[in-house]
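*Asks:* Give me a model of this one.
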Amino acid sequence: MNATSKSIIVGTAGHIDHGKSALVEALTGTHPDRLEEEKRRGITIDLGFAFLEEDGVRFGFVDVPGHERFVSNMLAGAAGLDLVLLVIAVDESIKPQTREHFDICRLLGVQRGVVALTKSDLVDSDTAGLVRLEVEEYLRGTFLHDAPVVAVSAKTRAGLPELKAELQRLAREIQGKDAAHHFRLPIDRAFAIKGFGSVVTGTLISGSVGGNDEVELLPEGKPLRVRGVQSGGKAVERATAGQRTAVNLAGIEHTALTRGMVLATPGKFRATRRIDARLELLPSAPKLKQRSKVHFHAGTSETLAEVFLFGRQELAPGQSTLAHLHLHDEVLVLPGDRFIVRQSSPLATIGGGAILDALARRPMARDTGRAAFLETLERGDTVEMLAAMADRSLNGIAFADIAARTGWLDGQIRDVAQKLTSSGRAKNVAEPLILVPAKAFQEARQKIATRVERFHKENPLLPGISREDLRSSLGRRVRPEAFRAALEELVAQKQLELQGELVKRAGLSISLDPDEARAKEQIETAFAGAGLTVPAVKEVLGKLPVEAKRAEKILQMLLRDKNLVRITPELIFHRDALAQLKQRLATYKKTKGERISVPVFKELTGITRKYAIPLLEYLDRERVTRRAGDERVIL
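*Replies:* Take a look at the predicted model:
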């Protein structure tokens, strides 16, 4: 394929036996029916494909079944259409599947098309003229109201040059799909080719794919490698958005691949069972009641869904509303993707719409801001959309979450986030990106400052609260990254100070009242005067002029300042006594040798075993001594 060729996907639409497949064969030279049953019965059952390349345009034709029993197959082929070729036989005019297929194309957002009046060789000019008038009346006010209407005959080939010319003209007006976006290929067929292995086909709706690319199979989330790629039946280095594409995959059996799955850029998307959308009901449809069950079609996927209507109990024909759809199976969809809903009995298309939130929450009555949020998404202003997403994620929305919810490229996410943060509406609290609403960030700052102040009031003798205790006291609504950013900002603004792992009010100094100062002096004197034969902690604290709670906090101050050292829960020593003990051992090593037994240690220090063993274990921990059997080696 010429690298400069433009790729256009054309989908047929129309009633059974109106000559869709014959027309595609007449245009391309390829009959799209591929199944033996299709050839035997003379009707299209599943999707067929053919290609035509003329004047720098490669047309990929997706031929869909016209029988009402196979509309679900038709819908799988309608994903990614650029043009619709609406086929109406002049000997029958507009029939039920003509109407349903046309409604489907409109609901899927197809914007352009050509009407082919087939079998024109079977009627006279008056009948052909009458049918043309009927068709023009039917299309009035629709997206095909000014579409070309071409009379053709696949048998005599009359009108084929004119039809090709109209397709070429429309192709020039169509802006190609964006190959720069993340890769997505909804799978419509999967099979095996001897010597190659598993192959899938589909219309490449965004991005590009080439040999040796790593891709992800969704909804399974399975990583796969691409062996090779074809487009239009020819091997290509890369297939780009807008092309019919076949992908040869390594690492998976074709039996594990089914229609409705999607190949995509790894790690960017998430499958979903809950979506919020704008739902439109056809004028010909029956009213839709709250919690109705419908068949849901998006891309090539099909599943059942339960519909929750927002703000109403039923939806009248021809009306639209915001709705939540709870899907039976996981699918991959993105905001802006179109979908179709069909009822079960009788099986018929009743409506469709556009995805607004592909990773929606369960509907809840107290979620009063949901409708306004969805209307913001619907308007499509990217800055407002991201602001709304951040506002509904009070503890922050991360880079990966934004990508999965929007399908935006990394650069676009950063650009939109920069606009949002520079306007002061959100705060980026981490890299690569975690956005927290400005209001929520300010609340986190206030909570931190308030909690630190309360701690000081409740604990006037303690220098500060530990970072971890402070963070956990704020609850889950403040994520760790937001806590860290808010704390750093408060410290930078000199409202708070960090002292190791402690957080305190800036400029705070602990002041003791006379009783507390006297108590502190008494505690230190009691342990300092005792040497190594220290008294019980309770005994010392019980003699103080303050209550037990304050006495314990004063003791903690002395321990924190390392004036006192706790070597067991019950034994506390003054630092001077321990320093003298270490010096005494150093002198012993010089004069008597490096080894000392427990009895000799007791004799050297004049203490009992009650103090000797805990002290020796403390000295081991401090690497002053090392136990060697029943003795200690002085280091």
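*Asks:* For residue 591, give its distance to residue 531.
*Replies:* Distance of residue 591 to residue 531, computed by Cβ to Cβ, to the nearest Å: 21 Å. Quick note: C-beta positions are derived from backbone N, CA and C, even for glycine.
*Asks:* I meant residue 598, not that one.
*Replies:* Taken as Cβ to Cβ, the span from residue 598 to residue 531 is 19 Å.
*Asks:* Those two: which has the busier surroundings?
*Replies:* residue 531 (17 against 14; other Cβ atoms under 10 Å).
*Asks:* In terms of helices and strands, where is the closest residue to that one other than its chain neighbours?
*Replies:* Of all residues not flanking residue 531 in the chain, residue 577 sits nearest, at 5.2 Å (Cβ to Cβ, 6 or more residues apart in numbering). Using DSSP states H and E, residue 577 maps to helix 575-592.
*Asks:* Quick one: distance of that helix to the chain centre.
*Replies:* Mean-position distance between helix 575-592 and its chain equals 64 Å (Cα atoms, centre = their mean, to the nearest Å).
*Asks:* what packs against that helix?
*Replies:* When contacts are defined as 3 or more Cβ pairs under 8 Å, 6 or more residues apart in numbering; DSSP states H and E, helix 575-592 packs onto helix 514-530, strand 564-566, helix 598-605, helix 609-621, strand 631-634.
*Asks:* who does whichever strand in the chain runs longest pair up with?
*Replies:* Ranked by residue count and defined by DSSP state E, the top strand of the chain is strand 320-331. When pairing is defined by DSSP bridges, strand 320-331 lines up against strand 272-281 (antiparallel), strand 301-309 (antiparallel).
*Asks:* picking that back up, identify the residues contacting the helix holding residue 577?
*Replies:* Contact with helix 575-592 is made by 527-528, 530-532, 534, 562-565, 596, 604-605, 615, 618-619, 624-625, 634, as judged by Cβ atoms under 8 Å, 6 or more residues apart in numbering.
*Asks:* for stretch 553-573, same thing?
*Replies:* 459, 461-463, 510, 512, 516, 519-520, 523-524, 527, 532, 534, 536-537, 541, 544, 546, 574-575, 578, 611, 614-615, 617-618.
*Asks:* again with stretch 494-510
*Replies:* In this structure, residues lying in contact with stretch 494-510 by Cβ under 8 Å, 6+ apart are 448-449, 452-453, 456, 460-468, 470, 487, 490-491, 557.
*Asks:* Can you name the element that comes right after the top helix by length along the chain?
*Replies:* For the chain, the longest helix by residue count, based on DSSP state H, is helix 438-458. For helix 438-458, the following helix or strand on the C-terminal side (DSSP H and E) is strand 465-466.
*Asks:* buried ones in the helix or strand that comes right after that following strand?
*Replies:* Toward the C-terminus, strand 465-466 is succeeded by helix 467-473 as the next helix or strand (DSSP H and E). Neighbour-count burial for helix 467-473 flags 467, 470-471 (criterion: 16 or more other Cβ atoms under 10 Å).
*Asks:* for stretch 248-259, same thing?
*Replies:* So for stretch 248-259, counting by 16+ other Cβ under 10 Å, buried means 248-249, 252, 254, 257, 259.
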